[in-house]
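>>> structure of the sequence below:
(2 chains)
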Number of protein chains: 2
Amino acid sequence: MSFVGSGNVATHLAHALINHGIEIVEVFSEKMENAKRFAAEINCSVVESLKNLKATDLIIIAVPDSKIEEVSLQLPENDSLVVHTSGITNMASLSGIKRIGVFYPLQTFSQQRTVEMLEVPFCIEAHYEEDCKLLLGLASKLSNNVKRVSSEQRKVLHLAAVMVSNFSNHLYALANEILEKSNLEFDFLLPLIKETALKAADVHPLDAQTGPARRNDVSTLEEHLEMLKEFPEFRETYKLLSEQIIKKYNE
Amino acid sequence: MSFVGSGNVATHLAHALINHGIEIVEVFSEKMENAKRFAAEINCSVVESLKNLKATDLIIIAVPDSKIEEVSLQLPENDSLVVHTSGITNMASLSGIKRIGVFYPLQTFSQQRTVEMLEVPFCIEAHYEEDCKLLLGLASKLSNNVKRVSSEQRKVLHLAAVMVSNFSNHLYALANEILEKSNLEFDFLLPLIKETALKAADVHPLDAQTGPARRNDVSTLEEHLEMLKEFPEFRETYKLLSEQIIKKYNE
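Okay, the predicted model is just below:
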């Protein structure tokens, strides 16, 4: 097995695979420095050019979405199964390759945190049925949450993921901003952030909703908008989301 | 100690207090049925009218924000310390009472879930210094995270709490809607939702941000907006939050 790419997805996947006794033979990364660091970490060779990548059972391309097609066009012609790890990219973007597939872990990976890989949903797709089985089997070694998902469905999942992850995180950043202005620590919010997220596993989000907008508590909503006068961005977001919640529950 | 109110905050607080050996003598709730259920749960008496509430060391008013003043005006005149549990309500809204304070647990409480009370930030305020010490001491029995917080600061915390909890939950609801439309289960998102929240404890939200808006990945952003054509609400939210993220990182 080989890796193209050396970012967070590649790093987390590679470590999980190695922990399950799977050998990684070669890595390629556009930046030689990163390739060397990554190869040292997982004890394998560095390839200096994509066209020299050896034939192997599986090549995992974990590079930015916009680079996937470019990378696939540079791979040598051989019989290796080639997959990408992207949420939004069509499987067919792996151009000029016979055996293609997708190996998409629906999770946010960061340098600073170890992820519970066993819980991560792996979204699997492949052109050939045999390859699909192979990828499902491989993913099942890493996770208890492996699903066969079409390119169309994967795009919807990716969009929903942006909503619950990137946008929630943006709300954390906005909240942090107004707390800082009042000399209050962001840590105050951590137990609430955690509980709100964990609750989603037990209570449907429509039933879990609470707060002033849910109750259509006009005086609190007005007081909050007044407080946000000096934070126009925050205010606009507060207004839009509150209006949507009011509409959902009070019409 | 007595409780006015029998909702989620009253219920969770009462159970935590009882678990620490604190006796609750009486409860009052506007709806007799709720009062009886609550009193049976915590093994205490029901009071049928607020003006009959006995003098006691502490009366905790855990009712909707809009009812706090009304309740306080109906309490009998005596020397009991009276607190409310609201984020947004001024301590002074406890009208006509001498010893007043605030006992605000910054958390979302629901029937279906047990909360780790030891982590919950308790925001304490009182008119008299002696009462403040008393409340700080009481809260410290329940939680390791007790802070003295002014009414002004508490309002800012409450606003930030709406943002990270109610609004994040609204994003979960929107994501759920588009997944349902594609026959995909919300469960796909749970590990991501959890990791995004837990990450906030380790990585500053500004550093934790990832995704298409953070990268100003125009082609993904456009594809997502195209996919959201049938979800105008979702589309507006996507557009606004993405623009804010792009601005934050790419200007």
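>>> what about the helices in the stretch 151-251 of chain A?
For the stretch 151-251 of chain A, the helices defined by DSSP state H, counting those that start in this stretch occupy A:151-161, A:168-181, A:190-199, A:205-208, A:218-227, A:232-250.
>>> list the buried residues for the third one?
Burial within helix A:190-199, assessed by neighbour count using 16 or more other C-beta atoms under 10 Å in any protein chain shown, is assigned to A:L190, A:P191, A:L192, A:I193, A:K194, A:E195, A:T196, A:A197, A:L198, A:K199. The C-beta positions use only the backbone N, C-alpha and C, and glycine is treated the same way.
>>> on that earlier part again, with distance to chain B and mean pLDDT as extra columns, can I get the helices of the stretch 151-251 of chain A in a markdown table?
What follows is these, written out as a markdown table (distance: least, C-beta to the nearest C-beta, whole Å; pLDDT from 0 to 100):
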| stretch | distance to chain B | mean pLDDT |
| --- | --- | --- |
| helix A:151-161 | 4 | 97 |
| helix A:168-181 | 4 | 96 |
| helix A:190-199 | 3 | 98 |
| helix A:205-208 | 4 | 92 |
| helix A:218-227 | 5 | 95 |
| helix A:232-250 | 5 | 94 |
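>>> which one of the ones you listed lies closest to B:A55?
Nearest to B:A55 among the helices of the stretch 151-251 of chain A is helix A:218-227; the distance by C-beta to C-beta comes to 31.8 Å.
>>> list the buried residues in that closest one.
A:T220, A:L221, A:E223, A:H224, A:M227.
>>> can I get those in TSV including distance to A:V27?
Shown next, in TSV, are those (distance: C-beta to C-beta, whole Å):
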residue	distance to A:V27
A:T220	54
A:L221	53
A:E223	55
A:H224	50
A:M227	51
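>>> before we move on, back to that, would you point out the most distant pair within the buried residues of helix A:190-199?
A:L190 and A:K199 (14.8 Å).
>>> distance check, A:H15 against chain B.
16 Å (C-beta to the nearest C-beta, to the nearest Å).
>>> burial measure for that residue, as a count.
Residues lying near A:H15 (other C-beta atoms under 10 Å in any protein chain shown) number 15.
>>> correct me, but it touches A:I24?
No - between A:H15 and A:I24 there is no contact under C-beta atoms under 8 Å: 9.8 Å.
>>> who touches both of these two?
A:I42 (C-beta atoms under 8 Å, 6 or more residues apart in numbering or on different chains).
>>> where do the strands sit along chain A?
A:2-4, A:26-28, A:45-46, A:58-61, A:81-84, A:100-105, A:122-126, A:146-148 (DSSP state E).
>>> any chance of a markdown table for those, columns distance to chain B and mean neighbour count?
Below are the strands of chain A laid out as a markdown table (distance: least, C-beta to the nearest C-beta, whole Å; neighbours: other C-beta atoms under 10 Å in any protein chain shown):
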| stretch | distance to chain B | mean neighbour count |
| --- | --- | --- |
| strand A:2-4 | 19 | 27 |
| strand A:26-28 | 22 | 24 |
| strand A:45-46 | 26 | 15 |
| strand A:58-61 | 17 | 25 |
| strand A:81-84 | 14 | 25 |
| strand A:100-105 | 9 | 24 |
| strand A:122-126 | 8 | 24 |
| strand A:146-148 | 8 | 18 |
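>>> okay, these in CSV with distance to B:H127 next?
Listed next are the strands of chain A as CSV, based on distance: least, C-beta to C-beta, whole Å:
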stretch, distance to B:H127
strand A:2-4, 64
strand A:26-28, 65
strand A:45-46, 69
strand A:58-61, 64
strand A:81-84, 63
strand A:100-105, 54
strand A:122-126, 57
strand A:146-148, 58
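>>> quick one: closest of the ones you listed to B:M163.
In terms of C-beta to C-beta, the element of the strands of chain A nearest to B:M163 is strand A:100-105, at 28.7 Å.
>>> gap between the two ends of stretch A:209-226?
23 Å (C-alpha to C-alpha, to the nearest Å).
>>> need the residues that contact it.
A:235, A:238-239, A:241-243, A:245-246, A:248-250, B:64-66, B:88, B:108, B:110, B:155, B:159, B:162, B:165-166, B:169-170, B:173.
>>> restricted to buried residues, select those in PyMOL.
Buried residues within these, by 16+ other C-beta under 10 Å, are selected in PyMOL with:
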select buried, (chain A and resi 235+238+241+242+245+246+248) or (chain B and resi 65+88+108+110+155+159+162+165+166+169+170+173)
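>>> how does chain A divide into domains?
A:2-149, A:155-250 (automatic domain parsing).
>>> dump the ones you listed into CSV; add distance to B:I97 as well.
Below are these laid out as CSV (distance: least, C-beta to C-beta, whole Å):
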stretch, distance to B:I97
domain A:2-149, 48
domain A:155-250, 22
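>>> of all those domains, which lies closest to B:V82?
Between those, domain A:155-250 lies closest to B:V82; by C-beta to C-beta that is 21.6 Å.
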